[in-house]
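> just coords:
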Ligand code: PHE
Ligand code: NA
């Protein structure tokens, strides 16, 4: 019988957890979220969200994984038999995310190559949407596969599945040990270079200038919580899965603090780098910084190419570093999402890691090709929006309410983690999880629903929103519940035995 896999060292686990947390969200999401929600003043709600939700939930998920030593469904089943479906739900959310996340990594690979000789030319916008994505005119149409995207997507999957096939310490840990340090070095070079550009100071001014009036706006606090959930990869089954490979004696609380602060450090660094670059661009065009602020796909694949175009010398190199950073940050996150269902499938269906990788990996690969079609970008946008605003938030809310209120699980988890951790957590931890987080997430969900009833997200047609947004969230819950009816092998009840 195969033994349960383990991280090779504590350092390996932290690198993998930070590798999962540090992703595209740090680079292209955080800077704009902070800027639009009060600039320097945003750090107050942001820190508050880290302390009341980010770190407490990270500790919760690390403890569940480390104590119950299983994939998210199995760990939650061992915590309480009625909690298994939640694990599947979170795992399915991860499944959906990975299908489009892989496609974004594939674009970044293409752009790394395009950077040699800045092949996007003088009109990066039509280059990206037209020449690269070959995007359909109308949202809601699928069109055909775009071969130029399909090939890099298949490459991304080949690498990810190979690493996962190699296993926890020989695959995931090893990859993170290389990718994360290289990512940090590349990113530092980018930030330093950006800081020395003309106009960088105006960019930083715009980023850090505090707008204290906004602090009273509920939206700002919602944005802070949303950023933290997404950024720390909590509520996705990821952290439960990764911590299930920790050795019996591991300092959980410390690991949670390190992961959270490393992730925020990288966010801050990205905010500085991105705004220095935006300041440079505004300066070149003789406009105010606020006119060039953007985020997400547009920032990375349209605005950055324009910035690189105007670069004073060595612009190809800057482009390569930037897009390769996206590739590295994205790859380590992608692998963490895929591992959630590799682990779940392996345990539930009692198959080897190799079989789990081949079967579920192949399914994910095929599904991800939907996003490599002419209509792929619209779909990606809608699915991403709904998964982020409803999937993750709701799954996180259900997680804290079930565990804290219904299963009264916090005391047991608290004594478990305190017994093996240096820093001890006290009443604040329980209070945050059972009161503060549910109230804020509940309000967030309510506000999201109200917003979406008022108008269609992005002005998209209602059918597209229903089929690709609402349906994806609903189906993931239903399949989650159905899977929890399938019985585990008998030794699943005993957390000291492995299900392999
Ligand atoms: N935490 C990642 C980020 O900040 C996001 C992420 C990771 C999303 C893993 C999904 C899966 O980008
Ligand atoms: Na992050």
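Cool, got the structure. Computed from a predicted structure; not experimentally measured. Ligands and ions are numbered 1, 2, ... in the order given.
> what about the stretch 301-450 of the chain, any weak spots by pLDDT?
The model of the stretch 301-450 of the chain has no residue with pLDDT under 70.
> where along it do the helices fall?
In the stretch 301-450 of the chain, helices defined by DSSP state H, counting those that start in this stretch lie at 304-309, 315-348, 353-368, 376-386, 393-400, 410-420, 427-431, 437-454, listed in chain order.
> what helices or strands is the first one leaning on?
On a contact count with 3 or more Cβ pairs under 8 Å, 6 or more residues apart in numbering; DSSP states H and E, helix 304-309 meets helix 84-115, helix 124-126, helix 252-285, helix 315-348. To be clear about C-beta, it is placed using only N, CA and C from the backbone, and glycine gets the same treatment.
> The second one packs against which elements?
In other words, helix 124-126. Packing contacts for helix 124-126, counted by 3+ Cβ pairs under 8 Å, 6+ apart, involve helix 304-309.
> for the helices of the stretch 301-450 of the chain, which one sits closest to ligand 1?
helix 315-348 (3.7 Å; Cβ to the nearest ligand atom).
> If you count neighbours, what's buried in the closest one?
315-316, 318-348 (16 or more other Cβ atoms under 10 Å).
> what's the closest non-adjacent residue to residue 211?
Nearest non-adjacent residue to residue 211, counting by Cβ to Cβ, 6 or more residues apart in numbering: residue 38, 4.7 Å away.
> give me every residue that touches that neighbour.
By Cβ atoms under 8 Å, 6 or more residues apart in numbering, residue 38 lies in contact with 45, 210, 211, 212, 214, 215, 220.
> and the gap between it and ligand 2?
Using Cβ to the ion, to the nearest Å, residue 38 is found at 20 Å from ligand 2.
> Let me see the contact set for the closest residue to ligand 2 within the stretch 201-350 of the chain.
Across the stretch 201-350 of the chain, the shortest distance to ligand 2 (Cβ to the ion) belongs to residue 231, at 3.4 Å. If you count contacts by Cβ under 8 Å, 6+ apart, residue 231 has them with 21, 23, 25, 26, 29, 30, 263, 267.
> Tabulate the residues you listed (CSV), appending secondary structure, neighbour count and distance to ligand 1.
What follows is those, written out as CSV (DSSP: H, G, I helix; E, B strand; the rest coil; neighbours: other Cβ atoms under 10 Å; distance: Cβ to the nearest ligand atom, whole Å):
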residue, secondary structure, neighbour count, distance to ligand 1
21, helix, 29, 5
23, coil, 28, 2
25, helix, 23, 3
26, helix, 25, 5
29, helix, 21, 7
30, helix, 25, 8
263, helix, 26, 7
267, helix, 24, 8
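> Which ones among those also lie next to ligand 2?
Among the contacts of residue 231, the ones lying near ligand 2 by Cβ under 5 Å from the ion are 21, 25, 26, 263.
> residues in the stretch 51-200 of the chain within reach of ligand 1, list them.
Residues of the stretch 51-200 of the chain lying close to ligand 1 (Cβ under 6 Å from any ligand atom) are residue 97.
> just to revisit the earlier point, so which of the contacts of residue 38 are in helices?
Secondary structure from DSSP state H places 45, 220 of the contacts of residue 38 in helices.
> Filter the contacts of residue 38 down to the buried ones.
45, 211, 214, 220.
> Report the two of those residues separated the most.
The span of those, defined through Cβ to Cβ, is set by 45 and 211 at 12.2 Å.
> What confidence value was assigned to residue 1?
Here the pLDDT value assigned to residue 1 is 43.
> cool, residue 208 as well?
With respect to pLDDT, residue 208 has a value of 97.
> and the nearest residue to it once chain neighbours are set aside, what does it touch?
Spatial nearest neighbour of residue 208, chain neighbours left out: residue 40 (4.4 Å); criterion: Cβ to Cβ, 6+ apart. By Cβ under 8 Å, 6+ apart, residue 40 lies in contact with 207, 208, 209, 210, 211.
> tell me which of those residues is nearest to residue 353?
If you rank the contacts of residue 40 by distance to residue 353 using Cβ to Cβ, residue 207 comes first, at 44.0 Å.
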